[in-house]
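Novice: Predicted structure and sequence below. I'll ask about it afterward.
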Amino acid sequence: MTKSKVILAYIANDRARKASFKKRSKGLIKKADELCTLCDVKACVIIVNPYGNEPEVWPSNLRAQQVISGFKKLPEHVQSRNKEDNQSICQERISKKEGKLRKQYMDNQQKELTKIMYMCLVSGTFQNLSSANSESLVFF
């Protein structure tokens with residue numbers, strides 16, 4: 001049996017939200033542990049718990065501080081190598097949406113042209129073609 005896709009949305013039910021938080025934070029820590037074991041990398045997880053007083057730190061406070069200080073000692077260009085700012089993410093999304101819009105526009109034009117041609121074939125006349133119809137068709 002396959003798992004259904006989880007819809008990512010705010011969980012309104014407080015009890016269900018707490019249970020999901022607990023389950024997912026355990027899963028995140030488990031994944032970090034697996035990553036450290038399998039790939040021999042240094043990692044830490046800090047989860048600020050909205051339901052508790054203290055943040056959850058894995059593997060320990062001391063180890064997390066060592067990992068963070070090691071990261072801070074790296075040169076700036078290495079630290080920001082994989083960092084993306086919001087502007088570049090938004091720009092990428094905009095360009096993807098513009099591409100989809102352009103493709104949809106072209107598809108719509110093709111459908112409209114096909115419809116006009118079909119109507120001309122059915123009616124047997126080309127007199128119904130007006131300049132308004134031809135002006136709306138723009139080819140790229």
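Specialist: Perfect, thanks for sending it.
Novice: Need the residues that contact stretch 52-64.
Specialist: Taking contacts as Cβ atoms under 8 Å, 6 or more residues apart in numbering, the residues outside stretch 52-64 that touch it are 25, 29, 32, 33, 44, 45, 46, 47, 48, 49. Where you see a C-beta, it was placed from the backbone N, CA and C, and this is true even at glycine.
Novice: Show me which residues of it are buried.
Specialist: 57, 58, 64 (16 or more other Cβ atoms under 10 Å).
Novice: Which one of those is nearest to residue 124?
Specialist: residue 58 (76.9 Å; Cβ to Cβ).
Novice: Which residue, other than its chain neighbours, is closest to residue 51?
Specialist: In this structure, residue 51 finds its nearest non-sequential neighbour in residue 18, 5.8 Å apart by Cβ to Cβ, 6 or more residues apart in numbering.
Novice: Give me the buried entries from the contacts of stretch 52-64.
Specialist: Buried among the contacts of stretch 52-64 by 16+ other Cβ under 10 Å: 29, 32, 44, 45.
Novice: Much appreciated, bye for now.
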